[in-house]
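Undergrad: Below: sequence and its predicted model.
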Amino acid sequence: MLKKYPGLFTEAEIHSLKNLRGIPTSINSELHFSKIRLAWNRFYKSHPTATKQDVLDFVAELDKKFGASFNPPH
């Protein structure tokens, strides 16, 4: 995120506990390394000059779509 969209977020914002989501190890490969990664790759491609709000809106979409699988659920 810091390299894709320099200046939109600080490192502290990205690593803030309120912004982190836990993904159980048993589904990490499928969810994080596949579904979520593919979604982010599509976002990066379709939003080369995303705004901070674009990113926050997309994160909210991911939370809505996958949040029930997060630990704790979001």
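TA: Arrived safely.

Undergrad: Near residue 66, how many other residues are there?
TA: 19 (other Cβ atoms under 10 Å). For every residue, glycine as well, the C-beta is placed using N, CA and C.

Undergrad: Quick one: residues contacting it.
TA: 31, 35-36 (Cβ atoms under 8 Å, 6 or more residues apart in numbering).

Undergrad: And residue 1, by the same measure?
TA: 8-9, 14, 55.

Undergrad: Lowest-confidence one in those?
TA: In terms of pLDDT, residue 14 ranks lowest among the contacts of residue 1, with 91.

Undergrad: Would you agree that one is in contact with residue 3?
TA: No: with contact defined as Cβ atoms under 8 Å, residue 14 does not count as touching residue 3 (11.3 Å).

Undergrad: returning to that earlier point: would you mind writing the PyMOL command to select the buried ones in the contacts of residue 1?
TA: To isolate the buried members of the contacts of residue 1 in PyMOL, using 16 or more other Cβ atoms under 10 Å:
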select buried, resi 8+9+55
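
Undergrad: Give me the subset of the contacts of residue 1 that lies in helices.
TA: 14, 55 (DSSP state H).

Undergrad: Tell me the one among the contacts of residue 1 nearest to residue 23.
TA: Nearest to residue 23 out of the contacts of residue 1 is residue 14 (Cβ to Cβ; 16.3 Å).

Undergrad: so how far is residue 29 from that closest one?
TA: For residue 14, the distance to residue 29 equals 22 Å [Cβ to Cβ, to the nearest Å].

Undergrad: and the residue of the chain positioned farthest from its centre, which of the three is it?
TA: Relative to the centre of the chain, the most outlying C-alpha is that of residue 26, 19.0 Å out, by Cα atoms, centre = their mean. Secondary structure assignment for residue 26 (DSSP: H, G, I helix; E, B strand; the rest coil): helix.
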